[in-house]
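>>> I'll drop the sequence and a predicted model, then ask my questions.
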Amino acid sequence: MASSLDHDDTAARSPSGAGGGLSGRGIRVQAGGATLVRSVDIDVRPGELCAIIGASGAGKSTLLRVLAGVNAPSAGTVTVDGEPIDYATDAVGYVPTGDLVHPQLTVREALRYAAALRAYDVAEATREARVEAVLDELHMMHRGDAQVRSLSDGERRRVAVGTELVGDPSVVVLDEPTSGLDPGLERRLMVLLRELADRGRAVLVTTPATGSLRLVDRIVVMASGGRIAFVGTHDETLRHFGATTIDEVYAMVEGSDESTDVVPVRSYDAADAPAQTSNNVSARRRTAPPLSSQVRTLSSRYALCMRRDARSLTLMIGQAPIIGIAIGLTVPSNILSNAVLGPFYGVLLAFMIVIGAVWLGLIAACREIARERDALLREAAVGVRLDAYLVSKCAVIFPLVAFQTALLIVPVALLQPPDGSFSDYGGVLAVSIVAAWGAVAIGLLVSVLVQNAGQATTVLPLVVIPQLLLAGALIPPSQMIAPIKALSDVTLARWALSGIGNALDLGPGISSDLSTVTGLEGSFFAQGIVQPMVMIALLSGVVLVFTAIVLDRRVINAIYDEYDLLDEDAPPAGAKRSPQPAA
């Protein structure tokens, strides 16, 4: 390997480092005592395409996330066009690995929703023009009305880039966008990135592919331990390492000794920092987007994606009447009219209705945030309000669950007519819908707490079983010990059972003999339906507020708690930044 460069050449800086674009100074990342990125200085100027290469585990993606403002570093500063990354996250278009674009949307719809969330204060006609311009820029006009799930891998990567370009960022950062693509698709995507840079953007990309690196202006070679080994053009990189191909460079840096730097680490001088600038764009970024417009946009997108997933929607809706029929057939026919056994079986019938409603609410909501976790973190970074996101989920799921609950109650009412008027089931329906909404709130909390949708379904029994045990049908509250009764009093199913039992007028039919044998008390069903519904609503509100708090902490932790803070006196880049409040 050739000898190391001098200090000025080893920093990944552009010749005009004091201008615009992306700039990082003294970036260091440490997690659990291990150094992932070691004192990196880097500049990517407007009009430049810069590629970061290196062996697996060299810290490429870690550095990229810090430069894009996704994570705060342990030490160092990041600026965009001379502004701290704290106030310029929406000036950076960050495209991580994986698919963050909703597959049910068409390409044009995905870009429209992305534009509405990123450029919320721009006129709709202007946003629409921007969407069409990005489609043309991506060479995707002919695929604008195709659903994302029907696209090739390369086309989906281009759409992911497009969702960032509609915000008109000055910097585009991409984490291994060519990973998994065949050489032809990899070349086309790299040509597209070259075109983006030629139009004046600063483009930074990590890539494991080496076939198209002659298209980039500079290559940043990272060695083991998060060190910069060399920075230069394609030909300069080969000469420096004495290699004939970039593939040989990988082997050289992968086998380097981590105990010493490949090149001396350059100390950061405040005089090197790009000049600070201020403009109207930065002032706009500090203004929180309106809640109502984001709720409309997010709700519309969520509802459209749900409608497009016809199979899942059919299964969700279809299970409700099946559960209702099963409940109606399980207990003896016309049992509510039986003066002796009616109250006993009526309690069991009400209990099964409660469990059915709770199940519908839980299963409808428990995976909805977990499955969008990565997309949510990205959208929160560009200004999506967490309270708007949570409200949008409720705005779509609540009507769906209300419809499901109606489909649950109708067959029960037909198979098990009430002792009195059929209007009794109106109260049953009202209480059941409110109970299902409360279960939606619990499901959203589960979805925030777990890491993925698979975990949500695994955790679900731990949520359903307490509802079964504490509802008051299997073990009457009068027979519970004091601590368990206190838990029952703050359980959604307990109040739902009370309300439904009252709607069916079960209380007066519970005789002293039945009470002695079962422990059931008529007073349990003597609270009307309003009080149980109010209690369910209050419990649901508390759960939703707690869900918002947990969601807010999860997003903040994803930004700031990922890495160790090395200098307590000087907060890292982004320490002042925070996502939009959850409530």
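Cool, the structure landed. Since the structure is predicted, the reported quantities are computational estimates derived from the model, not experimental observations.
>>> could you give the number of residues near the closest residue to Ala526 other than its chain neighbours?
Nearest residue to Ala526, sequence neighbours excluded (Cβ to Cβ, 6 or more residues apart in numbering): Gly507, at 4.8 Å. Where C-beta positions appear, they are placed from N, C-alpha and C, glycine not excepted. Close neighbours of Gly507, defined as other Cβ atoms under 10 Å, add up to 18.
>>> for Gly507, list the residues it contacts.
By Cβ atoms under 8 Å, 6 or more residues apart in numbering, the residues touching Gly507 are Gly501, Gly522, Ser523, Phe524, Phe525, Ala526.
>>> with adjacent residues omitted, what lies nearest to the third one?
I take that to be Ser523. Excluding the flanking residues, the one nearest Ser523 by Cβ to Cβ, 6+ apart is Gly507, at 7.1 Å.
>>> quick check: the one you found vs Arg214, distance?
Counting by Cβ to Cβ, to the nearest Å, the separation of Gly507 from Arg214 is 82 Å.
>>> just Phe230 next, same as before
Counting by Cβ to Cβ, the gap from Phe230 to Arg214 is 16 Å.
>>> in terms of neighbours, single out the busier of those two.
Per other Cβ under 10 Å, whichever of Phe230 and Arg214 has more neighbours is Phe230, with 25 against 12.
>>> so what's that one bridging to?
Residues in a beta bridge with Phe230, per DSSP bridges, are Val221.
>>> show me where this protein dips below the pLDDT cut-off.
Within the chain, the stretches with pLDDT under 70 are 1-19, 255-288, 509, 511-519, 522, 559-583.
>>> so who does Ala486 touch?
By Cβ under 8 Å, 6+ apart, the contact list for Ala486 is empty.
>>> is it fair to say it lies in a strand?
No - counting by DSSP: H, G, I helix; E, B strand; the rest coil, Ala486 is located in no strand; its state is helix.
>>> tell me how far it lies from Ala326.
Look at Ala486 and Ala326: by Cβ to Cβ, they are 33 Å apart.
>>> likewise for Ala88?
With distances taken as Cβ to Cβ, Ala88 is found 56 Å from Ala326.
>>> these two: which is more packed in?
Comparing Ala88 with Ala326 by other Cβ under 10 Å, the one with more neighbours is Ala88, at 23 against 14.
>>> kindly report the domain assignment for this protein.
The chain is divided into the following domains under automatic domain parsing: 8-263, 319-560.
>>> distance to Cys305 added to those domains, as TSV?
As requested, these are arranged in TSV below (distance: least, Cβ to Cβ, whole Å):
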stretch	distance to Cys305
domain 8-263	4
domain 319-560	9
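>>> to Ser300, which of those lies closest?
Nearest to Ser300 among these is domain 8-263 (7.7 Å), distances taken as Cβ to Cβ.
>>> near the spatially closest residue to Leu100 that is not a sequence neighbour, how many other residues are there?
In space, and not counting its chain neighbours, Leu100 is closest to Ala375: 4.4 Å by Cβ to Cβ, 6+ apart. Per other Cβ under 10 Å, the neighbour tally for Ala375 reads 17.
>>> three-state assignment of Ala375?
Applying three-state DSSP: Ala375 is helix.
>>> over to Ile475?
coil.
>>> that one and Leu469, how far apart?
From Ile475 across to Leu469, the span is 7 Å (Cβ to Cβ).
>>> and if you look at Pro461?
Per Cβ to Cβ, Pro461 is found 12 Å from Leu469.
>>> please identify which of these two sits among more neighbours.
For Pro461 versus Leu469, neighbours defined as other Cβ under 10 Å are more numerous around Leu469 (17 against 10).
>>> please point out which parts of the helix or strand hosting that one sit buried.
Element membership for Leu469 (DSSP states H and E) is helix 453-470. The neighbour-count check on helix 453-470 (16 or more other Cβ atoms under 10 Å) flags Ala453, Gln455, Ala456, Thr457, Leu460, Val463, Val464, Gln467, Leu468, Leu469, Leu470 as buried.
>>> so which elements touch it?
Taking 3 or more Cβ pairs under 8 Å, 6 or more residues apart in numbering; DSSP states H and E as contact, the helices and strands that helix 453-470 lies on are helix 342-365, helix 424-449, helix 482-489, helix 492-503.
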